[in-house]
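Visitor: next one to model:
(2 chains)
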Number of protein chains: 2
Amino acid sequence: MALIVKKFGGSSVATPEKIKNVAKRILSEKAPDDRIVMVVSAMGDTTDDLIALAEQVADTPYQYAREMDMLMTTGEQVSIALLTMAFRSMGQPAISLTGAMAGMKTDSAHTKGRIIGIVPARVHQELDKGNIVVIAGFQGTDPAGNPVTLGRGGSDTSAVAIAGAIGADTCEIYTDVDGIYSADPRIARGARRMREITYNEMLEMARLGAGVMQPRSVEMGQLYKIPIHVRSTFTTEPGTIIREEYTVEEKSFIIRGVTHDEHVSKVAVLGVANVPGVAHEIFSALADANIDVDMIVQSLRSAESNITDMIFTVASIDAPEAKQVVERIADKINASSVLIDNDVAKVSIVGAGMLGSPGIAARMFGALSRTKINIEIISTSEISISCLIKGGSVKEAVNVIHDEFFPDAH
Amino acid sequence: MALIVKKFGGSSVATPEKIKNVAKRILSEKAPDDRIVMVVSAMGDTTDDLIALAEQVADTPYQYAREMDMLMTTGEQVSIALLTMAFRSMGQPAISLTGAMAGMKTDSAHTKGRIIGIVPARVHQELDKGNIVVIAGFQGTDPAGNPVTLGRGGSDTSAVAIAGAIGADTCEIYTDVDGIYSADPRIARGARRMREITYNEMLEMARLGAGVMQPRSVEMGQLYKIPIHVRSTFTTEPGTIIREEYTVEEKSFIIRGVTHDEHVSKVAVLGVANVPGVAHEIFSALADANIDVDMIVQSLRSAESNITDMIFTVASIDAPEAKQVVERIADKINASSVLIDNDVAKVSIVGAGMLGSPGIAARMFGALSRTKINIEIISTSEISISCLIKGGSVKEAVNVIHDEFFPDAH
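Guide: So this is what the prediction gives:
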C-alpha cells in the first residue's frame, strides 16, 4: 500500500477530454490498496480568461488582490469538480475538496500567499472512506477565512505541502517534460534525463536557471523529507526523483547538470574611486530598491591607478532600475559612467560531487576556452560554478561544457 | 439610515459592462449612511456553460450532485468578485463573501438544498467597516462544510433569508420585469402594475401560474416579515412591494390578479363504479407516484346509473405517468378507459378582498359565459377561484376576466 500525492498542472487538465485521460491513467496505474490524493490546477487558459474579465470591470484589478483571489480560486474549483466526476463516472469513489476544505492555511498576502500550516483532517477522513481525494492546488484560506492564492508555482507547492502534512510516501508532479535533464534538452544535444537528484542540487539548478521546478516546492519537499517525482503527463517514462540522498546504483556523475540563464544583465560602474565604503554605498542602494545582485567583480585599472570598475549582474527585468539607482549616487562615489549590457548570459555547472573533486573549474574553463568563448565574470558556490559569457554563445557553451562532463551521453 | 438587501439575477450581471452598470446604479441611489448587502447570481449563461463542461466528462453529471454543486458554486463566486472590483474601482469600499463565508447553512440535499440557518457575523462585521457586502446567492454549505446549491429560484431565497437574518428594512429583488402585474402583461391588454401585494396573495398567484417570484422566497419573507420589493434592473420604476398588509391608500381592488397556467393536463377516468373507496384507490396510487393532483370533479352519469366519471388535473409533465398509474389499477376500480387532454388551461382570480365580497365567482363565470368560453372544472380556495377551460381560449379568458374586475385599467 502506498499513499501518493499526484499533481497535474493546467495543461494536463486543459479540456474535458484531457481530464478524462488523467482519470483513466490514474486508475490504470493504481494498485487496489493505493491511497491517492490528486492536486490539480485550473484548466488551461482559465486563469487568463478570468484576468481578462477582471480587466473589463476594473482598470487595475490586481490592486484589489483579495477580490482577484476570490475570482482566481474558482479556476481550480472547476477542475476538481470535473476530475472527480470523471473518476466517479468510471466507478471510482472520489471527492473534491477546495484548498479551504483540505485545510490549507495561508497568510493574508493575497495573490502571493505563503502556506503557514495544513490541517488535513478532512483529507484523511475521505481517504479512509476509500475515496480518491481531489484537491484544488494553488489556494488556501487566511486566518479570517478569505481565499488566498499562492502565487507562481503554487500548485506544486500545495502538492508537496499536502504530501508532507499527510505523510505521503511520495509526491508525483506531472508536467509537460518527462523529468529533470542534465541540461535544457532544447539546446543541449546530449542532455540526459536524471533518475535522481538531491534537493540541494535541484535548488541550485533552479536558482541558476533550470525552469522545471519552482524552488519553493523543492524547499518544502526537503523540509518534510517528501521525495518529489517529476514525470510526464503524456508518457509513462520513469521521470526524475528529487530526494535527500541518491539511492540507486547510477553511474556517479561529478556534476548533475549544466544550466543557463539568459535573463541577466551586466551593470558596469566605471571609474569609481577605490576607497573604503564604495561597494557598500552601491550595493546598499540597490538593496534598498529591492534589486538582487548576483555576480560581482571589482577590478583595479592598473597597479598605479586608484580607480576601479565595479561590475555586477542583475536580472534583466531589474537592469533599467539598477542603472537609475547607481546613477543617483554616481557623484557621491565619483563614478564616471554606468553602462548596461543585456547581451550576456550565465552558464553554470551544478553538482554536490565537485566538493571532493579538484580540477572541475579548470575543466569548465578549458572547455569554454577551446571554443574561444570569453569568460567575463566567474562566481562559485559550494556546489556550483558559474561563468558570465556573451549572450550569443549560450548554446555552444552549454554543449561544450555538457560534452566535457557527460562525454558518453550521445 | 436604511439596511437594504439588493438581489440581482444572472441577466443583470451577464457581462462586465452590465456589472459596471449595476455598481453605478447602486452608488447613484445610495444615501451616504445606507448599509447595503448585494446578493448576486452567476453571470448570464455561466450555469449552462458549466453544465456543458460537466456533460463532457460524465454522461449523467447530475448523478454526482455534490460535485455539480462544487462546480456550480463557482458561477456566483466569479460574479461577486467582479462586482466588488467594480465598486472598489469606483471608490466604494466593498467586499465579496461566498455563501459559506456569509454563514448560509443548508441541509445536504445537493442541487436542491434548503436553508437551515444563517450565521451572519461576518456580514455585520464587514458592514460595520463601511463595506458594501457582495454575497453569492443560490449557495451555502452543509454541516460538513460541503458546498450546496439551493435549486430553482435559489438566489431570491438567499436574498430574503439574509435580509431576515440581518434584520434588513427591505429586500429588493431586481429582475427583468418592473413589478408584479394584475395579469401577464404579454397577454392581458389592461394589465396594471401593483404598488403592493400581500405575501398570501403573492403565494396564491405564484401557485396558480404567476412566474415572477418563486414561492419559497415569498414564504421566507413572510416568515421573517421582510418586505420584498420587486423592481426592474433596467428602469427606475417604483415596482411592487410584497408585504404582510397594505400600507398605501391605493384604490381597493377586490381581486389582485388574474393568473393563468397552460402547463396543466386533464385526466378523465371513465366508467368507474360509484362505490366507496374508489377515489381513495385512484388518488393514493397517484400520491405513491409523487404526482400532485390539482382540480378534481366526480360526476354521476345519471341519477339511475351507478357509474361515474372521475376527472382531475395534473401538471402536463406528469400526465403520461398519471395515465399509466391509473391504467394499472383500471381493472380493480372497474374503469372503462383513461383519457388525457393536454389542450386545457387554468385561469384564476386571486384576492383577499373576495372573502367579504359575495358574487365574485358569479362575475367571473359571467364574463366567461358572455364570451362563450366553456368551464370544465371549477375549484376554489379562500382567496382564489380557478376555472379549467380549453387551451385555445386562455388569452381571451384572461382579458375578459381582467376587464370585469379592472374596468378602468385601459
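Visitor: shaky segments in the stretch 101-250 of chain A?
Guide: Across the stretch 101-250 of chain A, residues meeting the criterion (pLDDT under 70) sit at A:248-250.
Visitor: could you rerun that using 80?
Guide: Low-confidence segments of the stretch 101-250 of chain A (pLDDT under 80): A:151-153, A:211, A:247-250.
Visitor: mind checking which helix or strand the closest residue to residue A:102 other than its chain neighbours is in?
Guide: Once flanking residues are discounted, residue A:102 sits nearest to residue A:135: 4.6 Å by CB to CB, 6 or more residues apart in numbering or on different chains. C-betas here are computed from N, CA, C, even on glycine. Element membership of residue A:135 [criterion: DSSP states H and E] is strand A:132-136.
Visitor: what helices or strands is the following helix or strand past that strand leaning on?
Guide: Per DSSP H and E, the first helix or strand lying C-terminal to strand A:132-136 is strand A:139-141. In terms of contacts (3 or more CB pairs under 8 Å, 6 or more residues apart in numbering or on different chains; DSSP states H and E), strand A:139-141 is packed against helix A:65-89, strand A:104-106, strand A:147-149, helix A:154-166.
Visitor: what comes into contact with the second one?
Guide: This points to strand A:104-106. For strand A:104-106, the external contacting residues (CB atoms under 8 Å, 6 or more residues apart in numbering or on different chains) are A:113-119, A:139-143, A:148, A:150, A:158, A:161-162.
Visitor: show the buried residues in those.
Guide: A:113, A:115, A:118, A:139, A:140, A:141, A:142, A:148, A:150, A:158, A:161, A:162 (16 or more other CB atoms under 10 Å in any protein chain shown).
Visitor: and the furthest pair within these?
Guide: Using CB to CB, these span at most 17.7 Å, a distance reached by A:142 and A:162.
Visitor: got a list of contacts for the helix or strand harbouring residue A:218?
Guide: Following DSSP H and E, one finds residue A:218 within helix A:215-224. Residues outside helix A:215-224 that contact it (CB under 8 Å, 6+ apart): A:115, A:153, A:156-157, A:159-161, A:163-165, A:171, A:173, A:199-200, A:202-203, A:206-207, A:226-228, A:242, A:244.
Visitor: out of these, which are buried?
Guide: By 16+ other CB under 10 Å, the contacts of helix A:215-224 give A:115, A:153, A:156-157, A:159-161, A:163-165, A:171, A:173, A:199-200, A:202-203, A:206-207, A:226-228, A:242 as buried.
Visitor: which residues in the stretch 151-300 of chain A form helices?
Guide: Counting by DSSP state H, counting those that start in this stretch, the segments of the stretch 151-300 of chain A that form helices are A:154-166, A:199-207, A:215-224, A:278-288.
Visitor: can you tell me which helices and strands the longest one packs against?
Guide: In terms of contacts (3+ CB pairs under 8 Å, 6+ apart), helix A:154-166 is packed against strand A:3-8, strand A:35-40, strand A:104-106, strand A:115-118, helix A:121-128, strand A:139-141, strand A:170-175, helix A:215-224.
Visitor: in JSON lines: these, plus distance to residue A:379.
Guide: JSON lines is the format used below for the helices and strands packed on helix A:154-166 (distance: least, CB to CB, whole Å):
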{"stretch": "strand A:3-8", "distance to residue A:379": "33"}
{"stretch": "strand A:35-40", "distance to residue A:379": "36"}
{"stretch": "strand A:104-106", "distance to residue A:379": "35"}
{"stretch": "strand A:115-118", "distance to residue A:379": "32"}
{"stretch": "helix A:121-128", "distance to residue A:379": "43"}
{"stretch": "strand A:139-141", "distance to residue A:379": "37"}
{"stretch": "strand A:170-175", "distance to residue A:379": "30"}
{"stretch": "helix A:215-224", "distance to residue A:379": "18"}
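Visitor: just to revisit the earlier point, winner for burial among the helices and strands packed on strand A:139-141?
Guide: Of all the helices and strands packed on strand A:139-141, strand A:147-149 carries the top mean neighbour count, a mean of 30, counting by mean count of other CB atoms under 10 Å in any protein chain shown.
Visitor: that strand: partners in the sheet, and parallel or antiparallel?
Guide: In the sheet, strand A:147-149 lines up against strand A:139-141 (antiparallel) (DSSP bridges).
Visitor: how far off centre is the partner strand?
Guide: Distance of strand A:139-141 from its chain centroid, counting by CA atoms, centre = their mean, to the nearest Å, is 20 Å.
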